[in-house]
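# Build me a model from this:
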Amino acid sequence: MYFTKKIITFAITLRGGAVVARRAHNPKVVGSIPTPATRYRSIKAGFFLMLKEYVMYIMYSFRCNKSYVGVTSNLIERFRSHNVLGKGWTMKHRPWVVVHVEFFDSKEEATRRENYFKRGSGHYLKREIIDNYLRMSGSYSSQ
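Numbering: from 1, shown residues only. Below is the predicted model of the structure:
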């Protein structure tokens with residue numbers, strides 16, 4: 001079975017109702033001008049078009065200390081639906097911050113990884129990812 005997974009860190013924030021995404025620089029930078037990622041096309045400042053890729057994401061709510069795991073093919077729109085549009089469980093715990101993202105070539109692989117984080121030992125790994133994010137962002141307070 002062919003398995004491809006890419007993990008890319010970036011921050012998504014809401015500014016005045018607009019969704020803004022910032023992607024980490026390419027780690028294979030040579031010289032002073034960073035080379036762009038090869039599988040993405042920029043369509044507007046801060047927005048990325050993913051070509052036939054599925055995203056498994058973990059979001060965290062600082063206000064309610066809740067996490068959410070999901071799969072989508074358009075992370076920007078899905079993030080917007082959780083934070084601005086939509087109804088349901090995620091609306092009650094706004095605002096959300098994306099703390100972890102993994103890219104997959106097929107929906108089945110992304111769904112398998114999502115289910116891993118929702119059950120069993122993956123739940124503990126999810127908690128560890130969130131704790132690491134909180135430490136790195138300076139929002140972590142040991143209790």
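
# distance of residue 108 from residue 56?
The gap separating residue 108 from residue 56 is 12 Å, by Cβ to Cβ, to the nearest Å. The way it works is simple: take the backbone N, C-alpha and C, and place the C-beta from them, glycine included.

# Which residue of the two possesses the greater neighbour count?
Each of residue 108 and residue 56 has its neighbours counted (other Cβ atoms under 10 Å); residue 56 has more, 25 against 10.

# Run through the bridge partners of that one.
Per DSSP bridges, the residues bridged to residue 56 are residue 71, residue 102.

# distance of it from residue 100?
8 Å.

# Could you name the helices and strands sitting against the longest helix anywhere in the chain?
In terms of residue count, the longest helix belonging to the chain (DSSP state H) is helix 120-137. Under the contact criterion of 3 or more Cβ pairs under 8 Å, 6 or more residues apart in numbering; DSSP states H and E, helix 120-137 touches strand 54-61, strand 66-72, strand 97-104, helix 107-118.
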